[in-house]
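[1] Sequence below, structure please.
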Amino acid sequence: MPVEPLSQKEIEERLAELPGWSLDGDRIARSYRLGSHFAATALVVHIAQTQEELGHHSDLTLGYDTVSLTVHTHSAGGAVTEKDFELARRVEALAPGHGAS
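    The predicted model follows:
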């Protein structure tokens, strides 16, 4: 089933429901700060597991005590789709359990 790009208005509406997330060019993005490098690494592993479950992967960057994601859908020509927001919602649900802010 093809994934359709979201309109600018749809992207803005969905971003309003996800504090901390923003549009960064043609992607949605979010950074998290954690209490330690180990906590940040654990969050990366948990996000990777979630991405595998969804079959949808982001660009994921691990810093000393930070984790950053940028997400768009390659199969939709690099546009933002509902798949990106599903991943963002799942990450938002699991991040607090790792102490992310």
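
[2] Contact partners for the most centrally placed residue in the chain?
    When CA atoms, centre = their mean is applied to the chain, the residue found nearest the centroid is A88 (4.0 Å). A88 makes contacts with L18, W21, I28, R30, L69, V71, as judged by CB atoms under 8 Å, 6 or more residues apart in numbering. Every C-beta, even on glycine, is put in place using the N, C-alpha and C of the backbone.

[3] With D65 instead?
    R33, L34, G35, S36, H37, A39, A40.

[4] rerun that using 10 Å as the cut-off
    Taking CB atoms under 10 Å, 6 or more residues apart in numbering, we find D65 in contact with Y32, R33, L34, G35, S36, H37, F38, A39, A40, T41, A100.

[5] Out of those, name the ones that lie in strands.
    Using DSSP state E, the subset of the contacts of D65 located in strands is Y32, R33.

[6] Which of the contacts of D65 are buried, as a ChimeraX select command?
    Listed next is the ChimeraX selection for buried residues among the contacts of D65, using 16 or more other CB atoms under 10 Å:
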select :32,34,39,40,100
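
[7] Pull the CA coordinates from the longest helix anywhere in the chain and hand them back as CSV.
    For the chain, the helix that runs over the most residues, judged by DSSP state H, is helix 37-54. Output of helix 37-54 as CSV, limited to C-alpha atoms (Å, rounded to 0.1, in the frame of the first residue of the first chain):
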residue,chain,number,x,y,z
HIS,A,37,25.7,8.3,28.2
PHE,A,38,24.4,4.9,29.2
ALA,A,39,20.8,6.1,29.5
ALA,A,40,21.2,7.7,26.0
THR,A,41,22.5,4.5,24.6
ALA,A,42,19.7,2.5,26.1
LEU,A,43,17.1,4.9,24.5
VAL,A,44,18.8,4.4,21.2
VAL,A,45,18.5,0.6,21.5
HIS,A,46,14.8,0.9,22.5
ILE,A,47,14.1,3.3,19.5
ALA,A,48,15.9,0.8,17.2
GLN,A,49,13.7,-2.0,18.4
THR,A,50,10.6,0.1,17.9
GLN,A,51,11.7,1.0,14.3
GLU,A,52,12.2,-2.7,13.6
GLU,A,53,8.6,-3.4,14.8
LEU,A,54,7.2,-0.6,12.6
